[in-house]
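**Q** This is a predicted model, with the sequence first.
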Amino acid sequence: MTNHLLRNGTTKPAGPVPMSTKSYLAKSVDEAITQAREDLGPEAMLLSTRKLEQGLQGGYEVVFGAPEPRLPAALALPRGVPEDLAADVERLHSQMDEIRNLLLRPTKARLGGVRMTPELADVYECLLSCDVDPVLSKDIVDRLESSRAVEEHLQRTLGCKAKADPRAKASVNSPEALEAFVLAELERRVAIAPRLGQNGVVLVGPSGAGKTATVAKLASFVAGLAETRPVRILSLDPSPQTPPVRLREIVQALGMAFTQVPAIHGLAPLIAEARTKEFLLIDTPGYASTDHRAAEAAVAALAGCPGMDTHLVVPGYMKSIDLRGCIQRYKMFRPAKLLVTRMDETHTLGSVFSEAARAGLSLSFLAHGPMIPRDIRPASREDLLGLALERRPSRSAHVA
């Protein structure tokens, strides 16, 4: 593979924000993506691809851009900086993200006229309208284009010897085939995992995300499963305020056991004693940035109880920049899944999908109202397809 700077330059202005661009000649788009991310880093943006004429070196010319720089490390905020200054810096980061997104949001007409098929232009437009990150959206569609091209090539070369079977070609370009390609690409980014661990479940997340109501919904669901151990709720919230009291009332009305853990050091013995006989659901308080020590103590206590299934609970209406900060704050708990609440207050999973893909998290359950246990259901493939195709899954589906 060879590479060179676009038009022998190192930078090319993209509106008001400078952007370094670099083009690659490669046998496949995926090969160029791998090389670009090695050279330019994981934030490299795929700007365009062009299939080369037969006989030229490589099969594609692929152009990438390096996104606008963030604030330099020298300006990183040390501990003790006033919160209002930290908030100003975070707002600046958010505005820079918005500028980048605007620069990368071409019109549908332009997309369809340059190289994308109408079907893929529709997919791209749908992803953008659902608030999927523009860089991620473009990468998804470019990979879809590459996958379809490979499939068409295989059908031509492995099909009938004299004439290609017209049904084979139609199958690649059919709506059913497009749906299968789209689903495979989306699931490659974010897995659907609506399962609860055998050793118990821990819910972590910010205050107001709906963890307590979700614990009650999951408890009712688990209690209805066949061959399930008795359910016990453990609350780590030490305050005698409304949420733990309300949770106690709900689970006791459902005939389940409830324990409010008086001190974090008592959690590990409780789990060790109960988890062989009962299915545990652990409700945790929201940890603000100032509660770092309390959060670390909870992490240490849970580390002594391996095998717990940790879900990060986030409201579906969260903006990407806020969700990214939330994921970073609760990273110490090592959640493997996102459980999304308050879906009745938003119209799309685009931001959740984008940040889950960025962080390598799966989607487990979606909650969409206050009713217990009715307003929760497993995340599904239909939720992913609704981001890229003109469809919307029903919110009335129950946990099954």
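**A** Received, thanks.
**Q** surely R358 meets Q328?
**A** No: R358 is not in contact with Q328 according to CB atoms under 8 Å; the separation is 10.4 Å. In this view, the C-beta of every residue, glycine as well, is placed from N, C-alpha and C.
**Q** Would you mind listing the residues in contact with C305?
**A** N199, L267, A268, I271, A272, R275 (CB atoms under 8 Å, 6 or more residues apart in numbering).
**Q** no no, R229
**A** For R229, the contact set (CB under 8 Å, 6+ apart) comprises K277, E278, F279.
**Q** and K217, how many neighbours does it have?
**A** By other CB atoms under 10 Å, 25 other residues sit near K217.
**Q** Need the pLDDT of E185.
**A** Note on E185: pLDDT of 91.
**Q** of the contacts of R229, closest to S129?
**A** Taking CB to CB as the measure, S129 sits nearest to F279 out of those, at 40.6 Å.
**Q** neighbour count winner among R358 and Q328?
**A** R358 (17 against 11).
**Q** so who does the more buried one touch?
**A** Contact analysis of R358 by CB under 8 Å, 6+ apart lists D133, L136, R324.
**Q** cool, G369 as well?
**A** By CB under 8 Å, 6+ apart, the contact list for G369 reads D344, D375.
**Q** now the helices for the chain?
**A** Per DSSP state H, the chain carries helices over the ranges 29-40, 83-103, 108-114, 118-129, 134-158, 166-173, 175-189, 211-223, 242-253, 267-274, 292-303, 320-329, 350-359, 381-388.
**Q** wait, which of these is closest to H311?
**A** That would be helix 211-223 among the helices of the chain, by CB to CB, at 8.5 Å.
**Q** So which elements touch the closest one?
**A** In terms of contacts (3 or more CB pairs under 8 Å, 6 or more residues apart in numbering; DSSP states H and E), helix 211-223 is packed against strand 201-204, strand 231-235, helix 242-253, strand 279-283, strand 337-341, strand 362-367, strand 376-378.
**Q** Please identify the deepest-packed of those.
**A** strand 337-341 (a mean of 27; mean count of other CB atoms under 10 Å).
**Q** could you give me the average pLDDT of that strand?
**A** Strand 337-341 comes out with an average pLDDT of 96.
**Q** so who does A223 touch?
**A** Contacts for A223 were tallied using CB under 8 Å, 6+ apart; they are V231, L254, G255, M256.
**Q** circling back to that earlier point, name the member of the contacts of C305 with the most neighbours.
**A** Neighbour max across the contacts of C305 (other CB under 10 Å) = I271, 24 neighbours.
**Q** Next, the contact list for that one, please.
**A** G200, L234, L280, I282, C305, M308.
**Q** rerun at 6 Å
**A** C305 (CB atoms under 6 Å, 6 or more residues apart in numbering).
**Q** again, but for E278
**A** Applying CB under 6 Å, 6+ apart, the residues contacting E278 are R229, P230, R232.
**Q** For it, give me phi and psi.
**A** phi -130, psi 150 (degrees, to the nearest 10).
**Q** Could you measure from it over to P230?
**A** Per CB to CB, to the nearest Å, E278 is found 5 Å from P230.
**Q** sorry, back to before: nearest to V29 among the contacts of E278?
**A** Proximity of the contacts of E278 to V29 (CB to CB) peaks at R229, which lies at 49.7 Å.
**Q** ok, and the closest non-adjacent residue to the most centrally placed residue in the chain?
**A** Nearest residue to the geometric centre of the chain (CA atoms, centre = their mean): A356, 1.8 Å. What sits nearest to A356 in space, not counting adjacent residues and going by CB to CB, 6 or more residues apart in numbering, is V190, at 4.7 Å.
**Q** got it, and P206?
**A** Closest residue to P206 apart from its sequence neighbours, by CB to CB, 6+ apart: G286 at 4.7 Å.
**Q** Double-check R189 against A359; I have them as touching.
**A** No: R189 lies out of contact with A359 (CB atoms under 6 Å); the separation is 11.1 Å.
**Q** Report the beta-bridge partners for R232.
**A** On the basis of DSSP bridges, R232 is bridged to A257, L280.
**Q** which residues sit in contact with it?
**A** R232 neighbours (CB under 6 Å, 6+ apart): A257, A274, E278, L280.
**Q** Just give me the least confident of the residues you listed.
**A** Ranked by pLDDT, the contacts of R232 bottom out at A274, which has 80.
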